[in-house]
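# below is the sequence, then the predicted model.
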Amino acid sequence: MIFDSPRLISFPKIGSSTLGFISVSENMTHVPFDVKRIFWTYYTPDSILRGRHAHHNTEMVLIAAAGRIIVNTEMPDGNVNVFILEKPEVGLYMPRYCWHTMQYSHSSVQLVLASNIYDEKDYIRSYDEFKSLELK
């Protein structure tokens, strides 16, 4: 099976350092899927590693709306990447079957755009199960 790869997405950055900035994606034109769920995480202690899962069907875009988020990704084909999100105009596209872990600066706010509503059956929470996937 050929896998899509995690990749950075740039959103427009409008404004100036004297007035401030806004980033926009009207009709989600910068997101490669229809957004069905939006959630955000915040006040995560920097000693906590979150994520530790993949999804069978859900794609996501992660955005560090504030602070810094270090995202480690691994695909079933062995492709491993590390992304540092610290610009609110940049998002990280996460395809299906992307194992990921995230570490946050305490002041960070992560905004997540997801292609599906929450469904526990969509989660692959065991790394051993992820490594043993036989995808066709």
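Everything's here; your move. Residues are numbered from 1 along each chain as shown.
# now E89: phi and psi?
Backbone geometry at E89, expressed as degrees, to the nearest 10, gives phi -90, psi 10.
# now do K131
According to degrees, to the nearest 10, K131 has phi -70, psi -20.
# then E129?
Dihedral pair for E129: phi -60, psi -40, per degrees, to the nearest 10.
# please read off the pLDDT at it from the model.
For E129, the pLDDT comes out at 94.
# what do you get for Q110?
Q110 is assigned a predicted lDDT (pLDDT) of 97.
# so it makes contact with A64?
Yes. Q110 is within contact range of A64, at 6.2 Å (criterion: C-beta atoms under 8 Å). To be clear about C-beta, it is placed using only N, CA and C from the backbone, and glycine gets the same treatment.
# looking at the two, which one has more neighbours?
More neighbours surround A64 than the other of Q110 and A64, with 25 against 21 (other C-beta atoms under 10 Å).
# between Q110 and A64, which contacts overlap?
Here Q110 and A64 share the contacting residues L85, scored by C-beta atoms under 8 Å, 6 or more residues apart in numbering.
# pull up the distance across stretch 120-134, start to finish.
Distance between the two ends of stretch 120-134: 20 Å, counting by C-alpha to C-alpha, to the nearest Å.
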